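Participant: sequence and predicted structure below; questions after.
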Amino acid sequence: MAIGRLEAAGIEEARLDSQLLAAHVLLTSRTFVLTHPDQEINEYAAEALLQRREAREPLPYILGYREFYGRRFSVAPGVLIPRPETEHVIEAALGLSLPSNAVVLDVGTGSGILAITLALEHLSWQVIASDYSREALCIARQNAMNLNASVSFARMDALTGWAESPQFDLVVSNPPYIRRETALMPEVEHYEPSIALYGGDSGLDLYNRWIPSAFSRLRPNGWLAVEIGYDQGPAVVAIFKDTQFTRVELLTDLAGNDRVVIGCRA
């Protein structure tokens, strides 16, 4: 019944979602649900969650978490839901040649996935996570505590709160890059924070504003790594080069789409 209702609501992965919702109600795993099809379930609790999903509320907001780079991060409507594509920013950053005690800044940290993952993958790095949203910082701090990650937090509007002098060996970000008029799925358009989604009419507003600002705050041989939209590679590469970044590279995701741009301050 649950699968049919979710299919009628236009949800593509109705079977998977219904299994995860059942596991959430039972406080168990999806594997348990699959291997115990006759397990009784609290119908009132299940109905409440099912109605939320029928209304196209994103499943991670209902469950309260999303997996990212092999770790579970808490999420809530105040932050963007982590996507697998963002893991390519992690891979790009980990592939760079940086000092063992590198100072790293994550701009617009949201739930903290980039900052926390980098801090856990490189325990000697000093990682700072910034965001303008108090709600996002609260969630990111909780994730850092839950995952025992050593991360500092700062409430800043992009890079405007930092001194102009070079301070960082690496700056990373997944900025808002969706064009204002882009048609989105109901889960995204109606539930995720618009401030974390839209990058103006072209989708490039944030890149134009703070890629030059990031350049001035990078130490010599410091790097900038940013996630981009699937068709924004040439435009963002041009901004990097106009800002005098060197060793600029456009990296693709597993589907072959443009996904990350990196550049070095020589």
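Facilitator: Looks like it came in fine. If you're wondering where the values come from, they're calculated on a predicted model, not measured in any experiment.

Participant: which stretches of the protein form strands?
Facilitator: Shown for the chain, the strands assigned by DSSP state E span residues 65-68, 71-74, 103-107, 126-131, 151-155, 168-173, 218-227, 246-252, 258-265.

Participant: check which helices and strands the fourth one is in contact with.
Facilitator: Just to be clear, that refers to strand 126-131. Contacts of strand 126-131 with other secondary structure elements, assessed using 3 or more CB pairs under 8 Å, 6 or more residues apart in numbering; DSSP states H and E, are made with strand 103-107, helix 113-121, helix 134-146, strand 151-155. In this view, the C-beta of every residue, glycine as well, is placed from N, C-alpha and C.

Participant: hmm, try it at 10 Å
Facilitator: Where contact means 3 or more CB pairs under 10 Å, 6 or more residues apart in numbering; DSSP states H and E, strand 126-131 is packed against strand 103-107, helix 113-121, helix 134-146, strand 151-155, strand 168-173.

Participant: listing partners with orientation, what would you give for it?
Facilitator: Strand 126-131 has the following strand partners under DSSP bridges: strand 103-107 (parallel), strand 151-155 (parallel).

Participant: let me know the angle separating the last one from helix 134-146.
Facilitator: Same thing as strand 151-155. Strand 151-155 runs at 170 degrees relative to helix 134-146, counting by axes from the mean of the first three to the mean of the last three CA atoms, to 10 degrees.

Participant: in strand 151-155, which residues are buried?
Facilitator: Buried residues in strand 151-155, counted by 16 or more other CB atoms under 10 Å: 151, 153.

Participant: equivalent analysis for stretch 4-21, please.
Facilitator: Here stretch 4-21 shows 6, 9, 11, 14, 17-21 as buried, counting by 16+ other CB under 10 Å.

Participant: output those residues as TSV; include the columns distance to Ser150.
Facilitator: Shown next, in TSV, are these (distance: CB to CB, whole Å):
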residue	distance to Ser150
Leu6	40
Ala9	42
Ile11	39
Ala14	41
Asp17	35
Ser18	39
Gln19	36
Leu20	31
Leu21	35
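
Participant: using a markdown table, please lay out those residues together with distance to Ala92 and pLDDT.
Facilitator: Shown next, in a markdown table, are those (distance: CB to CB, whole Å; pLDDT from 0 to 100):
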| residue | distance to Ala92 | pLDDT |
| --- | --- | --- |
| Leu6 | 36 | 90 |
| Ala9 | 37 | 92 |
| Ile11 | 33 | 92 |
| Ala14 | 35 | 92 |
| Asp17 | 31 | 90 |
| Ser18 | 36 | 92 |
| Gln19 | 34 | 90 |
| Leu20 | 30 | 94 |
| Leu21 | 35 | 92 |
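
Participant: wait, what's in contact with Asp106?
Facilitator: Residues in contact with Asp106, defined by CB atoms under 10 Å, 6 or more residues apart in numbering, are 89, 93, 112-119, 127-131, 140, 151, 153, 170-174.

Participant: 6 Å - rerun?
Facilitator: Contact analysis of Asp106 by CB atoms under 6 Å, 6 or more residues apart in numbering lists 114-115, 129, 172.

Participant: redo the residues you listed as CSV? Include distance to Arg217 and pLDDT.
Facilitator: CSV is the format used below for those (distance: CB to CB, whole Å; pLDDT from 0 to 100):
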residue, distance to Arg217, pLDDT
Leu114, 17, 98
Ala115, 16, 98
Ala129, 15, 97
Val172, 13, 98
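
Participant: state the pair within the residues you listed that is farthest apart.
Facilitator: The two members of those with the most space between them (CB to CB) are Ala129 and Val172, at 9.9 Å.

Participant: circling back to that earlier point, what's the closest of the helices and strands packed on strand 126-131 to Met1?
Facilitator: Of these, nearest to Met1 by CB to CB is helix 134-146, at 33.6 Å.

Participant: mind checking which of the buried residues of stretch 4-21 land in helices?
Facilitator: In helices, judged by DSSP state H, the following of the buried residues of stretch 4-21 are found: 6, 14, 17-21.

Participant: now do the worst-scoring helix or strand of the chain on mean pLDDT: distance to the chain's middle.
Facilitator: Of all regular secondary-structure elements in the chain, judged by mean pLDDT, DSSP states H and E, the least confident is helix 30-35 with a mean of 88. In this view, helix 30-35 has its centroid 28 Å away from the chain centroid, taken as CA atoms, centre = their mean, to the nearest Å.

Participant: thanks a lot, see you next time.
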